[in-house]
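Q: no sequence for this one, just the structure:
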């Protein structure tokens with residue numbers, strides 16, 4: 001460390017520099033006529049020796065010196081504050097009636113929605129099955145109609161032993177009309 005500057009100057013520079021971002025240290029050091037390295041050394045020294053300032057100064061605590069880890073007794077009239085200090089948290093006063101109501105309401109609502117979705121799924125599946133059955137029955141009807149139309153409009157043997165034959169219906173109507 002440089003000895004050309006007073007301890008008070010170094011302390012003041014370190015106190016100002018400790019608040020600055022690292023990017024601004026070059027400009028800060030140049031402004032005060034020192035190097036960035038010197039500023040960093042002074043800040044490090046300040047940080048390292050700052051705890052020593054409070055050692056052995058019983059007067060700063062009204063004559064009471066407390067070592068690290070020593071138990072401290074806190075007296076207060078506010079029971080809520082005392083509990084918060086003991087447990088490290090603030091005691092929450094929950095409204096259990098409201099909490100129970102909304103929890104139950106939310107649970108029932110979710111269950112109703114799930115049951116509704118299941119019913120909707122079952123209904124959709126049932127309707128799809130009905131539509132598929134109807135479409136397959138419609139196809140069978142169309143096939144039967146086509147087969148009957150072919151039978152009505154073609155020649156064929158009905159009973160060979162008795163000599164019964166089939167002729168197209170149009171030809172049969174014409175033959176009956178002519179006779």
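A: Arrived safely, thanks for sending. Computed from a predicted structure; not experimentally measured. Numbering: from 1, shown residues only.
Q: just the mean pLDDT for the host helix or strand of residue 148, thanks.
A: In this assignment (DSSP states H and E), residue 148 forms part of helix 96-152. For helix 96-152, mean pLDDT is 90.
Q: next SSE downstream of that helix?
A: strand 156-159.
Q: and that following strand, what does it pack against?
A: Counting contacts by 3 or more Cβ pairs under 8 Å, 6 or more residues apart in numbering; DSSP states H and E, strand 156-159 is packed against strand 164-166. In this view, the C-beta of every residue, glycine as well, is placed from N, C-alpha and C.
Q: quick one: list the elements packing against the strand it packs on.
A: Under the contact rule (3+ Cβ pairs under 8 Å, 6+ apart), strand 164-166 is packed against strand 156-159.
Q: what lies in contact with the strand it packs on?
A: 164, 165, 166 (Cβ atoms under 8 Å, 6 or more residues apart in numbering).
Q: of those residues - the most surrounded one?
A: Among these, residue 166 has the most neighbours (other Cβ atoms under 10 Å), with 14 neighbours.
Q: that residue: what's it in contact with?
A: 151, 154, 155, 156, 157, 158.
Q: and those residues as JSON lines, adding neighbour count and distance to residue 12?
A: Formatted as JSON lines, the contacts of residue 166 follow (neighbours: other Cβ atoms under 10 Å; distance: Cβ to Cβ, whole Å):
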{"residue": "151", "neighbour count": "12", "distance to residue 12": "117"}
{"residue": "154", "neighbour count": "11", "distance to residue 12": "119"}
{"residue": "155", "neighbour count": "9", "distance to residue 12": "124"}
{"residue": "156", "neighbour count": "10", "distance to residue 12": "123"}
{"residue": "157", "neighbour count": "9", "distance to residue 12": "127"}
{"residue": "158", "neighbour count": "9", "distance to residue 12": "126"}
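Q: dump these to TSV, plus distance to residue 142.
A: Below are the contacts of residue 166 laid out as TSV (distance: Cβ to Cβ, whole Å):
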residue	distance to residue 142
151	15
154	18
155	24
156	22
157	26
158	25
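Q: what's the closest of these to residue 18?
A: Among the contacts of residue 166, residue 151 lies closest to residue 18 (Cβ to Cβ), at 107.2 Å.
Q: so what's that closest one closest to, chain neighbours aside?
A: residue 166 (7.3 Å; Cβ to Cβ, 6 or more residues apart in numbering).
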